[in-house]
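Asks: I need the structure of the sequence given here:
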Amino acid sequence: MKLNGYFEPSSLASILQLLSNEDRTGMLRLTNKDSEVNIFVREGTVICVTGSAKETRLGNILRRKNMVSAADLAYCLSVSREKNVALGKVLVEKGFISEETLRNTVHDQAQEVLFNLFFWKGGKFEYHDSTDVPKGALDTKIDIMNVIMEAMSRIDEMCTFMKQIPSEEIIFAKTEPLKDPDELGLTDSQKRFYALIDGARTVRQVITASGFEDFSAYHLFNRLITAGAVVQKDTAVFSEEPVRDYTDIVQVYADIIQVIRTNLARELDRWLDSVIDEKGEDKEYAEIAKKIKKRAKGRWIYNVMENCKPRMVRHQEVLLAAFRPTARMEENVKAVAGAMRNVKNSEKSRLFLAKTMNQYVSNLLHTTVNSFGLATTRKMLLGINHVLIRANESGSEFSEKNIIVKDMVDLLIDVASQTKNPEYARQKTYGIFSMLESPLAPPASDSAENAN
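Replies: This is a model prediction of the structure:
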């Protein structure tokens, strides 16, 4: 069997579950920009994982767990390169760690690589049946369903962490007087992380320098913030001018985003019903499947909505960090107004808001259209068109309305033109299911819907 295509956080679980359910033996390669992960499975169980990310390399994990010193690790790395031998083998041969420690660490390393995949914004995947495994690889034996469950739990926690740290560009500094690392209960590796927080490095720079993977780093940041050990170094002073009203602009885009979100929820419901079987004979598996199905939809929708927020300009990130598709209108208007207070020119701030929201909608449309079926896409575009008609015909007049309607109409035309392409129609008939090219049958309702 050969599979290939594009994946997103919302579809990664189904790809892994497909390999598990069909007891496949082969290699799955996932790529995203400069990152690459290779997953080797044997009869549906992960036996080996290799990744290019620095934070998931064996040496970094051993250092974080204080199993080897920096000097010993550097020495073993030099021997590994010189003799072209795996680092783990050198560490065992030199007596720095035991064979059991190596196996346990490799197992943890493989799990970390898999967990981190769920925080990718997307990428390409390619699978083919094969019995080839990298030379010298240790059998990790990782259950895919357990990985999916743990990854979903981590996504939940990351949502909480990111409320305290909405941007990687935030700079934190230690509070005065300095907290004693021992009283904070920090391990040696966590102390090194704490030392990197100097009032000059951004969150991302601290994470990169520490060698921690993102989840552990955000977890520790959250812990330090809660303990009062670090504080955000943000000295921006906002003017005391009256808060501007952005209700008219926010209302239009909030209605459009709600249409997209509703269709995404429906598609995921149908997809989950087809992919996850709650009625298997294995009661333990059935219970796990039920929990995944119950919790997955909300998390995946959240991930799509968050990952599509534009971040090309720092002000965009700050602005949309405050916008929540599920929040009440007055809450979003207030949040947006607060984020826009440092833009002095009122006219400029309104246009910036409109253009940022348009880019957000554009990202959402192009992301969801790549997963939706043809019929669902058309329904969604029609729903957005109705929102624009209502906005255009409403008695509310504001200078940006014509710009918003024109930009959105141009976007709808661009997206609609994709659906007229015969190749698109052929590939997307079954929506999110078609990307796997798997034997999974699409819901009958979708087939009938597209036939009309």
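Asks: ok, and the closest non-adjacent residue to Val409?
Replies: Distances taken as Cβ to Cβ, 6 or more residues apart in numbering place Leu388 nearest to Val409, at 6.7 Å, with adjacent residues excluded. For every residue, glycine as well, the C-beta is placed using N, CA and C.
Asks: helices of the stretch 301-450 of the chain, residue ranges please.
Replies: 314-321, 329-339, 346-369, 374-393, 401-419, 422-428, 444-451 (DSSP state H, counting those that start in this stretch).
Asks: for the stretch 201-350 of the chain, give me the ranges with low pLDDT.
Replies: Regions of the stretch 201-350 of the chain meeting the criterion pLDDT under 70 cover residues 234-244, 275-282, 285, 294, 311-318, 341-347.
Asks: rerun at 90
Replies: 201-216, 232-251, 263-350 (pLDDT under 90).
Asks: how about a markdown table for the helices of the stretch 301-450 of the chain, with distance to Val113 and mean neighbour count added?
Replies: Output for these, formatted as a markdown table (distance: least, Cβ to Cβ, whole Å; neighbours: other Cβ atoms under 10 Å):
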| stretch | distance to Val113 | mean neighbour count |
| --- | --- | --- |
| helix 314-321 | 27 | 18 |
| helix 329-339 | 35 | 17 |
| helix 346-369 | 24 | 19 |
| helix 374-393 | 33 | 17 |
| helix 401-419 | 34 | 15 |
| helix 422-428 | 30 | 14 |
| helix 444-451 | 34 | 13 |
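Asks: helix, strand or coil for the residue nearest the centre of the chain?
Replies: By Cα atoms, centre = their mean, the chain has its centre lying nearest to Phe119, at 3.3 Å. Classification of Phe119 using DSSP: H, G, I helix; E, B strand; the rest coil returns coil.
Asks: not counting sequence-adjacent ones, nearest residue to Ala391?
Replies: Going by Cβ to Cβ, 6+ apart, Ala391 has Val252 as its nearest residue, at 4.9 Å.
Asks: so that neighbour touches Ile404, yeah?
Replies: Yes: the pair Val252 / Ile404 is scored as a contact, 5.9 Å apart, by Cβ atoms under 8 Å.
Asks: overlap in contacts, these two.
Replies: Ala391 (Cβ atoms under 8 Å, 6 or more residues apart in numbering).
Asks: state the phi and psi torsions of Ile97.
Replies: With angles defined as degrees, to the nearest 10, Ile97 sits at phi -140, psi 160.
Asks: for Ser98, see how far away the residue nearest to it when sequence neighbours are not counted is.
Replies: Sequence neighbours aside, Leu91 is the residue nearest to Ile97 in space, at 4.9 Å (criterion: Cβ to Cβ, 6+ apart). For Leu91, the distance to Ser98 equals 9 Å [Cβ to Cβ, to the nearest Å].
Asks: of these two, who's got more company?
Replies: Of the pair Leu91 and Ser98, Leu91 is the one with more neighbours under other Cβ atoms under 10 Å, namely 28 against 12.
Asks: contacts only, for that one.
Replies: Leu62, Val68, Cys76, Ile97, Leu102.
Asks: same thing with Leu353?
Replies: Tyr246, Ile249, Val250, Leu319, Val336, Met340.
Asks: and what of Met27?
Replies: Applying Cβ under 8 Å, 6+ apart, we find Met27 in contact with Asn38, Ile39, Phe40, Val41, Tyr127, His128, Ser130, Asp132.
Asks: is it true that it lies in a strand?
Replies: Yes: looking at Met27 with three-state DSSP, it is inside a strand.
Asks: what's the spacing between it and Met1?
Replies: Applying Cβ to Cβ, the value for Met27 to Met1 is 12 Å.
Asks: where do the contact lists of these two overlap?
Replies: Joint contacts of Met27 and Met1 (Cβ under 8 Å, 6+ apart) are Tyr127, His128.
Asks: can you classify the closest residue to Lys83 other than its chain neighbours by secondary structure?
Replies: Leaving aside its sequence neighbours, Lys83 sits nearest to Val90 (Cβ to Cβ, 6+ apart; 7.6 Å). Secondary structure, three-state DSSP: Val90 is helix.
Asks: Val90 touches Ser78, doesn't it?
Replies: No: look at Val90 against Ser78 with Cβ under 8 Å: they stay out of range, at 9.3 Å.
Asks: for those two, indicate the residue with more neighbours.
Replies: The neighbour comparison of Val90 against Ser78 (other Cβ under 10 Å) goes to Val90, with 19 against 11.
Asks: about what we covered before: got TSV for the contacts of Leu353, with distance to Ile15 too?
Replies: Output for the contacts of Leu353, formatted as TSV (distance: Cβ to Cβ, whole Å):
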residue	distance to Ile15
Tyr246	40
Ile249	38
Val250	36
Leu319	33
Val336	36
Met340	40
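Asks: and which of these is nearest Lys141?
Replies: Checking the contacts of Leu353 against Lys141 by Cβ to Cβ gives Leu319 as the nearest, at 46.0 Å.
Asks: OK, contacts around the closest one?
Replies: Val336, Ala339, Met340, Leu353, Thr356.
Asks: can you point out the buried residues in the lengthiest helix in the chain?
Replies: Scanning the chain for the longest helix, with DSSP state H as the assignment, gives helix 247-275. By neighbour count on 16 or more other Cβ atoms under 10 Å, the buried set for helix 247-275 is 247-257, 259-261, 263-264, 267-268, 270-272, 274-275.
Asks: do the same with stretch 65-85
Replies: Buried, per 16+ other Cβ under 10 Å, within stretch 65-85: Met67, Val68, Asp72, Leu73, Tyr75, Cys76, Val79, Ser80.
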